[in-house]
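In: Predicted structure and sequence below. I'll ask about it afterward.
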Amino acid sequence: MEEKRARLFSAVQPSGIPTIANYIGAIKNWVDLQDKYECIYSIADLHTLTVKQVPATLRQRTLELIALYLACGVDPEKSTVFVQSHVPCHAELTWILNTITYPGELARMTQYKDKSRNHADNVNMGLMDYPVLMAADILLYNAEVVPVGKDQKQHLEIARDLAERFNNRYSPTFAVPEGIIPKVGANIMSLQDPAHKMSKSDPNENAFISMNDDRDTIIRKFKRAVTDSESRVAFDENRAGISNLVSIYSVFSGKTFAEIEKQFEGVGYGEFKIEVAEAVASTICPINERKNEYLANKAYLDKIMIEGKERAEYMARKMLAKVYKNVGLYTPERKS
Ligand code: ATP
Ligand code: LTN
C-alpha cells in the first residue's frame, strides 16, 4: 500500500505580477516538493483585499497566477491547485480562530506595521487579521509543512501558536505546522534598495524583476541594480547589493557562493550583472512563454480551478466540521 505522505500547504497572493523573489522564495521549491508531500497550492485572493485592488485587474491576476503555477511545473495531477475564495471554509475558520487571537499579537507583526505605513489611508481590520486568515489556510488542511520565504516566518509562528492554543483550550484538533525556508534565496532584496525585500507591489519597477519581463528588460534592470564601490564579486553581509546578486545568480545557475566567487575573481560588477541577467532570463523567459500558452486557454484554467476547489473543499469541510464540533457548535442530525 502507498505510504501516507505528510500534507503541505502554500499560497501566493494575486496582488501583482509575481517577481523572481516569489519564484525563488516559493513557487520554484513547490515543484520539487510535489513528489515528497501531499501538496495543496492556493491562490490567496482573499488576502489581497487587505489593500486596495482594482476588481477587473484582480480577476485577471488570478488567472495569470494559476497559469504561472502550471508554467513553473506545478502539476494538477499531483497537487491540489485552487483559489482561496472558492472554498468558503477559509473565511469560516478565520472567524473561529479570531475568537482565540489577541489584537496585541497581530499589532506587532512586521508586515502589518509596514503595510499600515505604506497604505495609511486604508488601515483596515483585514490588514490586521491577515495572519489569522493565513493560519486558517494552513490549519484547515492539517498541513504539517509550509514552504515560504523568510518574510512569512512571523505569520507562520502565529499559525503554530493558534494551533497549540486551540488544541489546549478545546481538544487536540490541529497539526502544528513547520515552515520550510530555502537556504539560499529566502530573502531576495530590492534591486534599488537592498535594505528592503523585493516586493511585487513596489512602486519602483526597477526594484524587481517581474516574471513577465523580457530579456532586454531583465538586462536593463540588472545593469541598474544598486551595488557598492568595492567591485569584488562575493557574498558579504556588509555589502547587501552584491550579496543579493550573488544569491540570485546562485539560485539560477546552481553554483555555490564559493564557485561564483572563484569564477568572477577579478571580474567587474558590470560584467557580472550581465551574467546574472542572462541566467535569470534563460529560466524565466521560457516559463513566461508557457504561461501565455496556458492563458490563451481560459477554459482549461477554469477546469483546473473547479477540480481543485472540489478536492480542497472536501478536505476543508471535514476539518471544519471537526472544529465546529470541538468548540461546541451544535450540528443537527438528519434522521430520515
Ligand atoms: P506583496 O508585495 O503584494 O506583499 P510579495 O511580493 O511580498 O507581495 P507574497 O504574495 O506576499 O509576495 O508572497 C508569496 C511568496 O513569496 C511567499 O512565500 C513569500 O515568502 C515569498 N516571498 C515574497 N517576497 C520574497 C522575497 N523578497 N524573497 C524571497 N521570498 C519572498
Ligand atoms: N501570506 C502569504 C501568502 C499566503 C500563504 C498562506 C503562504 C496566504 N496563505 C498559507 C503559506 C501558507 C504570503 O506569502 N504573503
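Out: Received it, and whenever you're ready, just let me know what you need. Ligands and ions are numbered 1, 2, ... in the order given.
In: is the host helix or strand of V146 up against ligand 2 anywhere?
Out: Assigned by DSSP states H and E, V146 belongs to strand 145-147. Yes - Strand 145-147 lies within reach of ligand 2 by C-beta under 6 Å from any ligand atom, at V146. All C-beta atoms are positioned from the backbone trio N, CA, C, and that covers glycine.
In: all helices of the stretch 201-336 of the chain, in order?
Out: 215-223, 240-253, 257-263, 269-295, 298-327 (DSSP state H, counting those that start in this stretch).
In: Tell me the gap between stretch 9-18 and the middle of its chain.
Out: From the chain centre to the centre of stretch 9-18 is a distance of 5 Å (C-alpha atoms, centre = their mean, to the nearest Å).
In: rewinding a little: what lies in contact with the strand holding V146?
Out: 6-10, 26, 29-30, 33, 37, 138, 156, 159, 177-182 (C-beta atoms under 8 Å, 6 or more residues apart in numbering).
In: contacts with ligand 1 among those residues, please.
Out: Within these, those near ligand 1 by C-beta under 6 Å from any ligand atom are A26.
In: and Q53, helix, strand or coil?
Out: Put simply, Q53 is coil when judged by DSSP: H, G, I helix; E, B strand; the rest coil.
In: so how far is ligand 1 from the residue lying closest to S15 once chain neighbours are set aside?
Out: Using C-beta to C-beta, 6 or more residues apart in numbering and skipping the chain neighbours, the partner closest in space to S15 is T48 (4.4 Å). According to C-beta to the nearest ligand atom, to the nearest Å, T48 and ligand 1 sit 7 Å apart.
In: shouldn't T48 be in contact with P14?
Out: Yes - between T48 and P14 there is a contact at 5.9 Å, judged by C-beta atoms under 8 Å.
In: Need the per-residue pLDDT for E2.
Out: At E2, the pLDDT value in this model is 61.
In: Show me which residues of this structure sit near ligand 1.
Out: Counting by C-beta under 6 Å from any ligand atom, the chain sits next to ligand 1 at 12-13, 15-16, 19, 21-22, 24-26, 148-149, 151-152, 186-188, 197-201.
In: Which members of the residues you listed occur in helices, if any?
Out: A21, N22 (DSSP state H).
In: Out of the residues of the chain next to ligand 1, which end up buried?
Out: Buried subset of the residues of the chain next to ligand 1 (neighbour count, 16 or more other C-beta atoms under 10 Å): 12-13, 15-16, 19, 21-22, 24-26, 148-149, 151-152, 186-188, 197-200.
In: now, which of those lie close to ligand 2?
Out: V12, Q13, V148, Q152.
In: Please name the residues that touch the last one.
Out: Translated: Q152. Neighbours of Q152 in contact, by C-beta under 8 Å, 6+ apart: M134, G179.
In: Quick check: it vs V87, distance?
Out: Going from Q152 to V87 by C-beta to C-beta, to the nearest Å gives 20 Å.
In: same question, the second one
Out: According to C-beta to C-beta, Q13 stands 16 Å off from V87.
In: give me the element P182 is part of.
Out: Going by DSSP H and E, P182 is not in any helix or strand.
In: How about it: what's its closest non-neighbour residue?
Out: Closest to P182 by C-beta to C-beta, 6+ apart is N29, at 5.8 Å.
In: in which helix or strand would I find that neighbour?
Out: Here N29 is assigned to helix 28-33, by DSSP H and E.
In: how far is that helix from where the chain is centred?
Out: For helix 28-33 - counting by C-alpha atoms, centre = their mean - the centre lies 12 Å from the chain centre.
In: for it, packing partners?
Out: Contacts defined by 3 or more C-beta pairs under 8 Å, 6 or more residues apart in numbering; DSSP states H and E place helix 28-33 against strand 38-43, helix 55-72, strand 145-147.
In: got the residues of this protein near ligand 2?
Out: 9-13, 44, 47, 134, 137-138, 146, 148, 152.
In: residues in contact with the residue nearest to E313 when sequence neighbours are not counted?
Out: Among residues not flanking E313 along the chain, V87 sits closest, at 4.8 Å (C-beta to C-beta, 6+ apart). Shown in contact with V87 (C-beta under 8 Å, 6+ apart): K309, A312, E313, A316.
In: What's the separation between V87 and Q263?
Out: 47 Å.
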